[in-house]
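Chemist: sequence below, structure please.
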Amino acid sequence: MCEENLPQAVRSGFEDIKKSNDYGTEFWSARDLQPLLGYNHWRSFENSVKKAITSCG
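Modeler: Sure, this is the predicted structure:
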């Protein structure tokens, strides 16, 4: 999904929880993304992440 397709509140939320490593590479924690994407329970979000990984593999 392209960033411009996301609602402004979600885009702002992504920036708020963004992390970076010692090399400046940006990343996001799945546990931090979970509520931002509307998942109330980790199990539901984890299953979605696993499906996405399978689809990309």
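
Chemist: and the closest residue in space to residue 19 that isn't next to it in sequence, what does it touch?
Modeler: Of all residues not flanking residue 19 in the chain, residue 27 sits nearest, at 5.6 Å (Cβ to Cβ, 6 or more residues apart in numbering). All C-beta atoms are positioned from the backbone trio N, CA, C, and that covers glycine. Contact analysis of residue 27 by Cβ atoms under 8 Å, 6 or more residues apart in numbering lists 18-21.

Chemist: pipe the residues you listed into TSV and attach neighbour count, pLDDT and distance to residue 40 per row.
Modeler: Shown next, in TSV, are the contacts of residue 27 (neighbours: other Cβ atoms under 10 Å; pLDDT from 0 to 100; distance: Cβ to Cβ, whole Å):
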residue	neighbour count	pLDDT	distance to residue 40
18	12	92	22
19	10	94	23
20	9	95	28
21	8	96	29
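
Chemist: restricted to strands, list those residues.
Modeler: Judged by DSSP state E, the subset of the contacts of residue 27 located in strands is 19-20.

Chemist: from the contacts of residue 27, which single one is nearest residue 50?
Modeler: Taking Cβ to Cβ as the measure, residue 50 lies nearest residue 19 of these, at 22.0 Å.

Chemist: residues in contact with stretch 32-43?
Modeler: Contacts for stretch 32-43 (Cβ under 8 Å, 6+ apart): 10, 13-14, 17, 31, 45, 48.

Chemist: and with 10 Å instead?
Modeler: Stretch 32-43 is contacted from outside by 9-10, 12-14, 16-19, 28, 30-31, 44-49, using Cβ atoms under 10 Å, 6 or more residues apart in numbering.

Chemist: now list the buried members of those.
Modeler: By neighbour count, with 16 or more other Cβ atoms under 10 Å, those hold 13-14, 45 as buried.

Chemist: quick check: the gap between the residue nearest in space to the middle of the chain and residue 39.
Modeler: By Cα atoms, centre = their mean, the mean C-alpha position of the chain lies nearest to residue 33, the distance being 4.1 Å. Residue 33 sits 8 Å away from residue 39, taking Cβ to Cβ, to the nearest Å as the criterion.
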